[in-house]
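Novice: The sequence and its predicted three-dimensional model are supplied below.
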Amino acid sequence: MLSEVSKPYDAILHCAFNMRRDVGPAQIKEYLQDTIDLTEAVARVPHRAFVILSSIDVYPVGAGICDEDVKLDAFVPRNLYALCKMASEAAVARLATNPLILRAGLLLGPYMRPNNLTRVVRGEKAALTLTSDSSFHCVGYADIAALIKHAMTAGLTGTYNAAFCPAVTLAEVVARFDRKPIYGKFSYQTPRISNERLRKAFPRFDSTSMAAVESFAASLTASVSTRDH
């Protein structure tokens, strides 16, 4: 059993999550086990600190700017992923010791799934599925890693919006990298957030989503250069 350990872990970082998108009636039970049930099981493992990587998708789309004190409504999330993130947060708040809940935006890094934004940055020629006004609050893998390292040394707990503000639109990314894509018809709008609480606790987050995209693009260039040599 996960909870049968001889002594508490100094910290648990929980970021495992079932990311499948084809969840039909036959897959619901397994999906809930891989998300909410898994989070509850991990939170019961003896520990001194607990970090969970959640998502800003727990917030409503089209509302005003949301900070961490916004009351969440289980009927509001636009998909099962967001609802399970909300439920996982609740499990951590209830069961974990010294919990730190990080509501991340679009994570940019070497192991992310390809999406419309990364296709624009890479200059891929295939048509996009999203409209030009589609928006993203972005954050890099390295930024999250630095935040967790700081949290462990500073004893940071609570809930934080871990993404850069303001959001960036697909059209702005296209203009920045001088691309000429064929846009799609689906408009993806990120929830509007404030990261003021985190900026006060960790000034590294006093940046922008566009800066995070530029940093991601620079890492791609550096990776290509390294392979070429």
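Specialist: Looks like it came in fine. Residues are numbered from 1 along each chain as shown.
Novice: all strands for this protein, in order.
Specialist: Along the chain, counting by DSSP state E, strands occupy 12-14, 50-55, 99-104, 106-108, 135-136, 138-140, 158-162, 168-169.
Novice: Turn those strands into TSV, columns for distance to residue 118 and mean pLDDT.
Specialist: For every residue, glycine as well, the C-beta is placed using N, CA and C. Converted to TSV, the strands of the chain look like this (distance: least, CB to CB, whole Å; pLDDT from 0 to 100):
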stretch	distance to residue 118	mean pLDDT
strand 12-14	25	97
strand 50-55	18	98
strand 99-104	16	98
strand 106-108	8	97
strand 135-136	11	98
strand 138-140	11	98
strand 158-162	20	98
strand 168-169	13	98
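Novice: Please name the bridge partners of the residue nearest the centre of the chain.
Specialist: Centroid-nearest residue in the chain: residue 104, 3.1 Å away (criterion: CA atoms, centre = their mean). On the basis of DSSP bridges, residue 104 is bridged to residue 55, residue 162.
Novice: what's the answer for the one 4 residues further on, then?
Specialist: Beta bridges link residue 108 to residue 140, judged by DSSP bridges.
Novice: OK, contacts around it?
Specialist: 118, 138, 139, 140, 141, 212, 213, 215, 216 (CB atoms under 8 Å, 6 or more residues apart in numbering).
Novice: By mean pLDDT, flag the weakest helix or strand of the protein.
Specialist: helix 209-228 (a mean of 81; mean pLDDT, DSSP states H and E).
Novice: quick one: the residue nearest to the centre of the chain from residue 168, how far?
Specialist: 15 Å (CB to CB, to the nearest Å).
Novice: Next: residue 214.
Specialist: Residue 214 is 10 Å from residue 168, by CB to CB.
Novice: neighbour count winner among the two?
Specialist: Between residue 214 and residue 168, counted using other CB atoms under 10 Å, residue 168 has the larger neighbour count: 24 against 16.
Novice: My read is that the more buried one contacts residue 133, right?
Specialist: No: using CB atoms under 8 Å, residue 168 makes no contact with residue 133, being 11.2 Å away.
Novice: hey, where'd the helices end up in this structure?
Specialist: 28-32, 38-43, 80-95, 116-122, 141-154, 170-176, 196-201, 209-228 (DSSP state H).
Novice: gap between the first one and the chain center?
Specialist: Translated: helix 28-32. With CA atoms, centre = their mean, to the nearest Å as the basis, helix 28-32 stands 21 Å off its chain's centre.
Novice: Who are the packing partners of that helix?
Specialist: Using 3 or more CB pairs under 8 Å, 6 or more residues apart in numbering; DSSP states H and E as the contact test, the elements touching helix 28-32 are helix 80-95.
Novice: which helices and strands does the helix it packs on pack with?
Specialist: The contact analysis (3+ CB pairs under 8 Å, 6+ apart) places helix 80-95 against helix 28-32, helix 38-43, strand 50-55, strand 99-104.
Novice: who touches residue 119 in this structure?
Specialist: Taking CB under 8 Å, 6+ apart as the definition, contacts of residue 119 comprise 126, 128, 181.
Novice: can you put those in CSV and add distance to residue 72, pLDDT and neighbour count?
Specialist: Shown next, in CSV, are the contacts of residue 119 (distance: CB to CB, whole Å; pLDDT from 0 to 100; neighbours: other CB atoms under 10 Å):
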residue, distance to residue 72, pLDDT, neighbour count
126, 36, 92, 9
128, 31, 98, 22
181, 35, 97, 20
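Novice: Which of those residues lies at the shortest distance from residue 33?
Specialist: In terms of CB to CB, no member of the contacts of residue 119 lies closer to residue 33 than residue 128, at 34.5 Å.
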